[in-house]
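> predicted model, plus sequence, below.
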Number of protein chains: 2
Amino acid sequence: MLECGRSNFNESSKLISLFLAGMFEVFFAHIRERISLNEEEEATIKTYLTPKKLRRKQYLLQEGDVCKYFSFVEKGLLRSYNVEDKGAEHMIQFAWEGWWMVDIFSFLTGEQSTYNIDAIEDTELLMIQPHSYEELMLKVPCMERYFRILFQNNIIAKERRLISSISHAAEEKYLNLVQTHPGIIKRIPQNLIASYIGITPETLSRVRRNLASKK
Amino acid sequence: MLECGRSNFNESSKLISLFLAGMFEVFFAHIRERISLNEEEEATIKTYLTPKKLRRKQYLLQEGDVCKYFSFVEKGLLRSYNVEDKGAEHMIQFAWEGWWMVDIFSFLTGEQSTYNIDAIEDTELLMIQPHSYEELMLKVPCMERYFRILFQNNIIAKERRLISSISHAAEEKYLNLVQTHPGIIKRIPQNLIASYIGITPETLSRVRRNLASKK
DNA sequence: TGTTTTTCTTGCCCTTTGTCAAGGTACCGG
DNA sequence: CCGGTACCTTGACAAAGGGCAAGAAAAACA
């Protein structure tokens, strides 16, 4: 896979190699912000990743299945959520360019997931499986460091969301979200945002009306 | 520090060594559940840890200070919380035997903390400072793995708390907490538990009365 | 471009939770 | 053992948010 730099490439394989290079662009930019890698390590990492495309509304994981992929979003937008007995959906996470998506519990333990993951927009992913995840960190030890740093930052983000959730009323929770993720608002339907902050779509609509009239 | 196994120990230094061994008991048990260590590595790790005792109500961190310690609870019980302008406290985390406590954002960035951390019970800690934290992982690489695994599990726990928080009504949130941390209820005052799940002490009191009458 | 589906807004009413205040209970420290 | 502080419970009322239903607006699709 991905043997670049050979001399007898024709025009079409140049296009393929360009396509493949583009495929990892966001991914390695993200990693290089956190750790440094040499070319050999980059090449090794690539062999552990499986690219995949998802169309809008397509599922990556359904409740009851085991989460077999830790997925990096190169392009597009995913959501994870669970569904109550009564049918209500609760947004757990969104992931767009530069974010990972997974049910980490199911991924690590192999137990059935209670989450659903699907695509809000057409999406391009790089996926890694549980055994590859473990093996990659043994083969390329600095990836252990990368994931440790990734998780540190995720804990900070989750802790902030949690504080907002237990501390504030609907309006403040919404303003908080707009502030921390200004980009989110334009790409994600309002009813999903409402669910993400734990209020109904009607309440969010009213909150936004009040905010608009205040200004 | 901690050079054990010398032949000329007298009675009193035996007592000291026993005391010091007890001091790390919970800590190494916790680590050994996640990774394996040889004696040399254990000895190295010990040199990075500072023991500390806190009395009930004593502060480990106050809002506005920088969080200079990543603290492991050997014995006792800590809480972290922040305080609103109006004076309301919001519990962020509890930590008892086998848990770490820190404002990880402030610890990693050196920026001022918005958290307070204090002791609910008399507490014994093992603390590590930011530069030691980074250095330890370089000297004992499997500690990088340990923290990666620790953070993975913390993410799972935080995600569950978050789902409970955005999905459920007061009663369900309380039952959820009782189920995931049965031990918590006995040691932590009810008003702090209420704050932890984002409801008022009055509401929690009513929830508990309803639950008691249902049975 | 027209049609269908999804998403958003609004009004009305009801439930849940918060607020304030008072009184009781348990626990801690001298 | 006694007094004070912290904690818990209860009631009455207020406010915030949820549920339902209908219609408007926007987006997707063919």
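Yep, it's here.
> counting neighbours, what do you get for residue A:98?
Applying other CB atoms under 10 Å in any protein chain shown, we find 13 residues neighbouring residue A:98. Glycine gets a C-beta too; all of them are placed from N, C-alpha and C.
> next SSE downstream of the biggest helix by length in chain A?
The helix that spans the most residues within chain A, counting by DSSP state H, is helix A:142-167. Sequence-wise, the next helix or strand downstream of helix A:142-167 (DSSP states H and E) is helix A:170-180.
> so that following helix, near DNA strand C or not?
No - residues of helix A:170-180 are not located near DNA strand C by CB under 7 Å from any atom of the strand, the shortest gap being 11.2 Å.
> next, the buried residues of that helix.
A:170, A:171, A:173, A:174, A:176, A:177 (16 or more other CB atoms under 10 Å in any protein chain shown).
> and the residue nearest to residue A:76 when sequence neighbours are not counted, its phi and psi?
Distances taken as CB to CB, 6 or more residues apart in numbering or on different chains put residue A:123 closest to residue A:76, at 2.8 Å, once the chain neighbours are dropped. Here is the backbone geometry of residue A:123 (degrees, to the nearest 10): phi -140, psi 140.
> tell me the spacing between residue A:123 and residue A:56.
Separation of residue A:123 from residue A:56 (CB to CB, to the nearest Å) stands at 8 Å.
> show me which of the two is the more surrounded one.
Legend: neighbour count by other CB under 10 Å for residue A:123 and residue A:56, higher for residue A:123 (25 against 12).
> now for the more buried one: which residues touch it?
A:53, A:54, A:73, A:75, A:76, A:77, A:78 (CB atoms under 8 Å, 6 or more residues apart in numbering or on different chains).
> from the residues you listed, which would you call buried?
By neighbour count, with 16+ other CB under 10 Å, these hold A:54, A:73, A:75, A:76, A:77, A:78 as buried.
> I figured the second one hits residue A:93, correct?
No - taking contacts as CB atoms under 8 Å, residue A:73 lies outside contact range of residue A:93: 11.2 Å.
> hey, what's in contact with both of these two?
Residues touching both residue A:73 and residue A:93 by CB under 8 Å, 6+ apart: residue A:101.
> so what's residue A:162 up against?
Shown in contact with residue A:162 (CB under 8 Å, 6+ apart): B:92, B:158, B:161, B:162, B:165.
> quick check, the first one in a strand?
Yes - secondary structure assignment places residue B:92 in a strand (DSSP: H, G, I helix; E, B strand; the rest coil).
> would you confirm that it contacts residue B:117?
No - between residue B:92 and residue B:117 there is no contact under CB under 8 Å: 9.0 Å.
> sorry, back to before: and the contacts of residue A:123, which two are furthest apart?
Taking every pair in the contacts of residue A:123 and measuring CB to CB, the maximum separation is 13.2 Å, between A:53 and A:77.
> rewinding a little: export the contacts of residue A:162 to JSON lines and tack on distance to residue A:60?
Listed next are those as JSON lines, based on distance: CB to CB, whole Å:
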{"residue": "B:92", "distance to residue A:60": "32"}
{"residue": "B:158", "distance to residue A:60": "22"}
{"residue": "B:161", "distance to residue A:60": "24"}
{"residue": "B:162", "distance to residue A:60": "20"}
{"residue": "B:165", "distance to residue A:60": "25"}
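> tell me the one of these nearest DNA strand C?
Taking CB to the nearest atom of the strand as the measure, residue B:165 is the one of these closest to DNA strand C, at 11.5 Å.
> what parts of chain A come near DNA strand D?
Residues of chain A lying near DNA strand D (CB under 7 Å from any atom of the strand): A:56, A:57, A:169, A:170, A:171, A:198, A:199, A:200, A:202, A:203.
> got the phi and psi for residue A:100?
According to degrees, to the nearest 10, residue A:100 has phi -90, psi 150.
> show me what it is bridged to.
residue A:72 (DSSP bridges).
> next one: residue A:103 relative to DNA strand D, how far apart?
Per CB to the nearest atom of the strand, to the nearest Å, residue A:103 is found 25 Å from DNA strand D.
> next: residue A:115.
Separation of residue A:115 from DNA strand D (CB to the nearest atom of the strand): 21 Å.
> same question for residue A:50.
As judged by CB to the nearest atom of the strand, residue A:50 and DNA strand D stand 26 Å apart.
> so what's the nearest residue to that residue once chain neighbours are set aside bridging to?
Spatially, and ignoring its direct neighbours in sequence, residue A:50 is nearest to residue A:127 (4.7 Å; CB to CB, 6+ apart). Taking DSSP bridges as the rule, residue A:127 bridges to residue A:50, residue A:71.
> hmm, residue A:127 is touching residue A:74, no?
No - contact between residue A:127 and residue A:74 fails when scored by CB under 8 Å: they sit 10.6 Å apart.
> more neighbours: which of those two?
Neighbour count, other CB under 10 Å: between residue A:127 and residue A:74, residue A:74 has more, with 21 against 18.
> thinking again about what came up before, tell me the pLDDT of the residue nearest to residue A:76.
Residue A:123 carries a pLDDT value of 95.
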